[in-house]
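*Asks:* Need coordinates for the following:
(one chain, ligands or ions: 1)
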Amino acid sequence: MDGLDALRAKVMDAISGASDEAALEDVRVSTVGKKGEVSLKMREMGKMSPEERQEAGPALNALKNEVNSALAAKKEALADAALNERLQSEWLDVTLPARTRPMGTIHPISQVWEEVTAIFADLGFSVAEGPQIETDWYNFDALNIPGHHPARAEMDTFYMKRAEGDNRPPNVLRTHTSPVQIRSMEALGAPLRIICPGRVYRADYDQTHTPMFHQIEGLAIDKDISMANLKWVLEEFFSIFFGIEGIKTRFRASHFPFTEPSAEVDVQCSWVDGQLRIGEGDGWMEILGSGMVHPKVLQAANVDPYEYQGFAFGMGIDRIAMLKYGIPDLRAFFDSDLRWLRHYGFAALDQPAIHAGLSRT
Ligand code: DAH
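*Replies:* Numbering: from 1, shown residues only. Below is the predicted model:
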């Protein structure tokens, strides 16, 4: 076909001369584009005799392929060159100081969780854990709460569905941290001193209840333990936690299936100008449930009740956090409102410690 060599030479020149991607695109359009020179030549084949076409076809196809590869190669070369130029002209001063960023804060519940743990660790308690999805045996039966017991209904339990045909009793979202008493005694035997901070769940939602909240369980088992030990430990705890020496507690007779005798414990408080002050005055604020571990509970966990006895208590972490830090609304704990967190949160690197201070902000 006439003029193909000249066309090839012209196009190749244009490609190698293109100085940027836009110029290269112009070359592409004017050669292999719809109305480009190479494309027009291909269209001319329609008017050729079969013999002519047999010769021109492969030659044109070869040219088209050649042009396309040259375009692709040039495109890559131009992109490389552009990148090299940027790398040469732009630079980064890695010695510049980092931009300051607003720092996150520790949530008051995490803070209080750590504070409580630090205090009880100092009193010789270790931290135990248990699952949040619990069998009804650990959550109820082993704690002397049999099937018909009203406490089961009172606790507004979340039951987990069993698979079709599985007739075992449903698992529950643990309604309290008390099942960890059983698990710890089973695993570690007696004597024993543990606390268990953790999440618990009840189907309840209003101003003072959220479906998930936090408790801390305490358990001390030994051969010579009495309510007097319980009272001392709790008063020691409250004094350190609220930072007020000699806080008094009041024990009121109560009933829990897993303790005998049982007591609800109040701490000393006063109301000044509508403001609650813990640790002073002659008012009382209910804080927790407690008692001497019921012999049936010891038995359920394979601890001999004729040899050992102990005390247990359970209190709400959210509640003591609200009391200590003057947080009025429980539900705000779970709103994830950054402004609230900045206001009530704690500095990230200040770990609570008895010797270094519990609650610096
Ligand atoms: N488990 C109880 C609740 O969630 C709290 C409690 C009361 C725990 C007395 C105890 C205890 O260990 O001795 O309401």
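*Asks:* State the mean pLDDT of stretch 158-167.
*Replies:* In this model, stretch 158-167 has an average pLDDT of 92.
*Asks:* Return the alpha-carbon coordinates of that stretch using PDB.
*Replies:* Below are the C-alpha coordinates for stretch 158-167, written out as PDB (Å, rounded to 0.1, in the frame of the first residue of the first chain):
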ATOM      1  CA  PHE A 158     -31.700 -11.800  78.300                       C
ATOM      2  CA  TYR A 159     -32.000 -15.400  77.100                       C
ATOM      3  CA  MET A 160     -30.100 -16.700  74.100                       C
ATOM      4  CA  LYS A 161     -31.900 -18.800  71.600                       C
ATOM      5  CA  ARG A 162     -30.900 -22.500  71.300                       C
ATOM      6  CA  ALA A 163     -30.700 -24.200  67.900                       C
ATOM      7  CA  GLU A 164     -33.900 -26.100  66.800                       C
ATOM      8  CA  GLY A 165     -34.000 -29.400  68.600                       C
ATOM      9  CA  ASP A 166     -31.500 -28.500  71.200                       C
ATOM     10  CA  ASN A 167     -33.400 -29.000  74.500                       C
END
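*Asks:* mind starting the numbering at 528 from now?
*Replies:* From this message on, residue numbering opens at 528, which makes the last subject stretch 685-694.
*Asks:* List the contacts of it.
*Replies:* Stretch 685-694 has contacts (CB atoms under 8 Å, 6 or more residues apart in numbering) with 660, 695, 697-700, 728-730, 738. Bear in mind the C-beta positions are built from the backbone N, C-alpha and C, glycine included.
*Asks:* in it, what's buried?
*Replies:* F685 (16 or more other CB atoms under 10 Å).
*Asks:* Quick check: end-to-end length of stretch 684-693?
*Replies:* Taking CA to CA, to the nearest Å, stretch 684-693 runs 20 Å from one end to the other.
*Asks:* actually stretch 689-705, not the one I typed
*Replies:* With CA to CA applied, stretch 689-705 spans 23 Å between its terminal residues.
*Asks:* which of the contacts of stretch 685-694 are buried?
*Replies:* 698-700, 728-729.
*Asks:* so V760 touches G651, yeah?
*Replies:* No: if you go by CB atoms under 8 Å, V760 and G651 don't touch, sitting 9.6 Å apart.
*Asks:* The two - which one has more neighbours?
*Replies:* V760 (20 against 9; other CB atoms under 10 Å).
*Asks:* Wait, a helix at that one?
*Replies:* Yes: secondary structure of V760 (DSSP: H, G, I helix; E, B strand; the rest coil): part of a helix.
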